[in-house]
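Participant: 3D model of this:
(chains A and B)
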Number of protein chains: 2
Amino acid sequence: MSVDEFEFIRHLAKFASQSPQSLNLSDDGAILAGDGQPWVLVKDMVQAGVHALADDDDGDIIAKAIRVNLSDLAAMGANPKFIMLGLCLGANSQLSSLEHLAGVIRAECTQFGVGLIGGDTVRGQGPTTVSVTAIGQLSGNPILRSGAVAGDDLWVTGSIGDGALGLRMLQQAEPAPQFARLNKDDRQALAKRYRLPTPRIALGEPLSGIASAMIDVSDGLAADAAHMARASKVSITIDIEQVPVSQAFSHWVDAGVALATKWTVLAGGDDYELLFSAPKLAAQDIHRIARLTQCPITRIGTVNAGSGVVLHFDGQAVSLPVHGFTHF
Amino acid sequence: MSVDEFEFIRHLAKFASQSPQSLNLSDDGAILAGDGQPWVLVKDMVQAGVHALADDDDGDIIAKAIRVNLSDLAAMGANPKFIMLGLCLGANSQLSSLEHLAGVIRAECTQFGVGLIGGDTVRGQGPTTVSVTAIGQLSGNPILRSGAVAGDDLWVTGSIGDGALGLRMLQQAEPAPQFARLNKDDRQALAKRYRLPTPRIALGEPLSGIASAMIDVSDGLAADAAHMARASKVSITIDIEQVPVSQAFSHWVDAGVALATKWTVLAGGDDYELLFSAPKLAAQDIHRIARLTQCPITRIGTVNAGSGVVLHFDGQAVSLPVHGFTHF
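Facilitator: Numbers count the residues shown, from 1 in each chain, chains lettered A, B, ... in the order given. Below you'll find the model as predicted:
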């Protein structure tokens, strides 16, 4: 986010805070009273050429929009239940593909166990733009960004860097030498991580009551850690050597990549993993959840008094591009 | 809507019907259990160049997006409570206007008594596109499109035609003779009806329990009556001479407009008035609500056995462009 966008949200947050349901716009979602369990609502847009490649299939763009919203629900500890889908087809979209797109929507909803309950469809004049409102249910309290306390550990699910690396690979007309040495499986895995990230919906609810703060990694590991540090009024230290990467990412690094490039990609965003803090005593519970959900969860740092994000490498504090992906 | 869009929604409606909350996608909104009163959620997009003029101010486009969604809530008999706002700024939007836009959002929310509880902001690559999710509360049952029964009367709030006439006026580089004869107030009124329609939010809840079916007039009077007729499995007759028009509209007609042109504009859409059916016995209640809310409500037709929309003029059935505005 740029200064302008922060200013914009700050202008609005003051007004929004009149409604406690808004959580002061400081988290990914809003909370409405439910019949028993509260509802969590999140709403994010995806546009071709901004959050997806300009010539990506409309079906992939719709699927990505659904997935990034489900990721936001998971980050608040909510169980996804429903989506509403606003589809603004691009000027160049083929109307003949509407049946294909309906199939994609059905398949995504089925895969992630959510019902489709509304939305609208428009034939637009720009790039394909998809706005999803996703609705989840909380069994406990929501996990906010603001709950991290000094002494907590910092954890992350899955692996980091593939989304940004996939984008970098897909944007090149001619593959750079490092990409040329990746095998076909690596390449497919990286492209898929960028185009069709898998939201960690199985982890949101189990981590409720364990994680003290949580956010999904969309802007970038360092940028999202900074969001958490700011909301929690703490400092967060990330040990870069502990950040988990995939096999494909390792193959890319092994082909001879400068450390600065590796770090830039690690901070690149589009991971849709969950980054959370938890008391040291919760480590056993976290390992148990990792086993049960068959999703690796790795301790990558600590929460301390202070402010900002500190990156550690080889025992030293280092400087990194921490701004991640910005939409401005 | 075109055949393609109907097909698309038909494909999705079958799937969506697995969730009763979706109302089978046949109404403007979805219903979630609340803490006492149920929530109604609606979600519509507005794009510059499609639902607003290409060079309209981003603030007007945001305001229109909020208003058309509040109109959808009113049409279901719900009281607007909250909005979430997804703002995809156009490639040519000035970031310097973000403070102005935040002011518009605050002013709109304040005017219509809704809280801002979430959303996102993106710097896009096409025209400015705004997706609003509006959330209302029901005190009774929702008013659906499917409740009209033969023998009911058909009513409409306010006046019809100004939105489409305003668009027609704004689209002309040189005003046609009929427009040239409108005075300044008329012109401003027509432009405002297109750019900043006023949702009839004070009428939704009072009409709950009185209206048997309701829809807001966005696609066009005849097209939206046809949606209601289809959902209710009835025929709807509209007496064109009874359709209420504004002073500005009358001035335009008086300047010498062909009857066919007048009817085309009357069916043009963008009215955001409420069209509803009600038992004949409800007439007194309806007149009372009109007085209390200071909003004219006019009887313009009847509901009969059969299907489709029949337009009556001078005692004769006539043919009209009934398709209204289509986004495809």
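Participant: quick one: secondary structure of the residue nearest to residue A:98 when sequence neighbours are not counted?
Facilitator: Leaving aside its sequence neighbours, residue A:98 sits nearest to residue B:8 (C-beta to C-beta, 6 or more residues apart in numbering or on different chains; 4.3 Å). Using the backbone N, CA and C atoms, a C-beta is placed for each residue, glycine as well. Under DSSP: H, G, I helix; E, B strand; the rest coil, residue B:8 falls in the helix class.
Participant: from memory residue B:8 sits against residue A:122, does it?
Facilitator: No: here residue B:8 lies out of contact with residue A:122, judged by C-beta atoms under 8 Å, at a distance of 11.5 Å.
Participant: and the residue nearest to residue A:98, how many neighbours does it have?
Facilitator: As a burial measure, residue B:8 scores 23 neighbours (other C-beta atoms under 10 Å in any protein chain shown).
Participant: quick one, longest helix in chain A?
Facilitator: helix A:58-75 (DSSP state H).
Participant: tell me which other helices or strands that helix touches.
Facilitator: When contacts are defined as 3 or more C-beta pairs under 8 Å, 6 or more residues apart in numbering or on different chains; DSSP states H and E, helix A:58-75 packs onto strand A:39-47, strand A:79-89, helix A:98-112, strand A:129-137, helix A:184-195, helix A:201-207, strand A:213-216, strand A:274-278.
Participant: can you lay out those as TSV showing mean neighbour count and mean pLDDT?
Facilitator: Below are the helices and strands packed on helix A:58-75 laid out as TSV (neighbours: other C-beta atoms under 10 Å in any protein chain shown; pLDDT from 0 to 100):
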stretch	mean neighbour count	mean pLDDT
strand A:39-47	27	97
strand A:79-89	25	97
helix A:98-112	18	95
strand A:129-137	29	97
helix A:184-195	18	96
helix A:201-207	22	96
strand A:213-216	27	98
strand A:274-278	27	98
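Participant: for these, give me a markdown table that also has distance to residue B:47.
Facilitator: Formatted as a markdown table, the helices and strands packed on helix A:58-75 follow (distance: least, C-beta to C-beta, whole Å):
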| stretch | distance to residue B:47 |
| --- | --- |
| strand A:39-47 | 12 |
| strand A:79-89 | 6 |
| helix A:98-112 | 18 |
| strand A:129-137 | 8 |
| helix A:184-195 | 24 |
| helix A:201-207 | 30 |
| strand A:213-216 | 28 |
| strand A:274-278 | 33 |
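Participant: what residues does the residue nearest to residue A:98 make contact with?
Facilitator: Shown in contact with residue B:8 (C-beta atoms under 8 Å, 6 or more residues apart in numbering or on different chains): A:98-99, A:101-102, A:121.
Participant: from chain A, which residue is nearest to chain B?
Facilitator: Ranked by C-beta to the nearest C-beta, the top residue of chain A for proximity to chain B is residue A:126, at 1.8 Å.
Participant: how about the contacts made by that residue?
Facilitator: A:88, A:90-91, B:47, B:90-91, B:124-127, B:129.
Participant: what is the neighbour count of residue A:27?
Facilitator: 25.
Participant: and for residue A:280?
Facilitator: With other C-beta under 10 Å as criterion, residue A:280 counts 10.
Participant: find the residue closest to it in space, skipping its chain neighbours.
Facilitator: Per C-beta to C-beta, 6+ apart, closest to residue A:280 is residue A:153, 5.7 Å.
Participant: pretty sure the one you found is touching residue A:303, no?
Facilitator: Yes: between residue A:153 and residue A:303 there is a contact under C-beta under 8 Å: 7.4 Å.
Participant: give me the common contacts of these two.
Facilitator: With C-beta under 8 Å, 6+ apart, residue A:153 and residue A:303 have common neighbours residue A:277.
Participant: so for these two, which sits in the more crowded spot?
Facilitator: Set side by side, residue A:153 and residue A:303 show more neighbours around residue A:303, with 25 against 20, by other C-beta under 10 Å.
Participant: gap between that one and residue A:206?
Facilitator: 21 Å (C-beta to C-beta, to the nearest Å).
Participant: check residue A:38 too.
Facilitator: 18 Å.
Participant: check contacts around residue A:44.
Facilitator: Counting by C-beta under 8 Å, 6+ apart, the residues that residue A:44 touches are A:65, A:68-69, A:72, A:131-132, B:86, B:120.
Participant: distance to residue B:77 for these - can I get that in JSON lines?
Facilitator: Shown next, in JSON lines, are the contacts of residue A:44 (distance: C-beta to C-beta, whole Å):
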{"residue": "A:65", "distance to residue B:77": "30"}
{"residue": "A:68", "distance to residue B:77": "33"}
{"residue": "A:69", "distance to residue B:77": "28"}
{"residue": "A:72", "distance to residue B:77": "31"}
{"residue": "A:131", "distance to residue B:77": "25"}
{"residue": "A:132", "distance to residue B:77": "26"}
{"residue": "B:86", "distance to residue B:77": "25"}
{"residue": "B:120", "distance to residue B:77": "29"}
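Participant: just give me the closest of these to residue A:190.
Facilitator: Nearest to residue A:190, judged by C-beta to C-beta, of the contacts of residue A:44 is residue A:68 at 17.6 Å.
Participant: quick check: phi and psi on residue A:49?
Facilitator: Residue A:49 has phi and psi values of phi 90, psi -10 when expressed as degrees, to the nearest 10.
Participant: that one touches residue B:123, doesn't it?
Facilitator: No: contact criterion C-beta under 8 Å: residue A:49 and residue B:123 do not qualify, at 11.1 Å.
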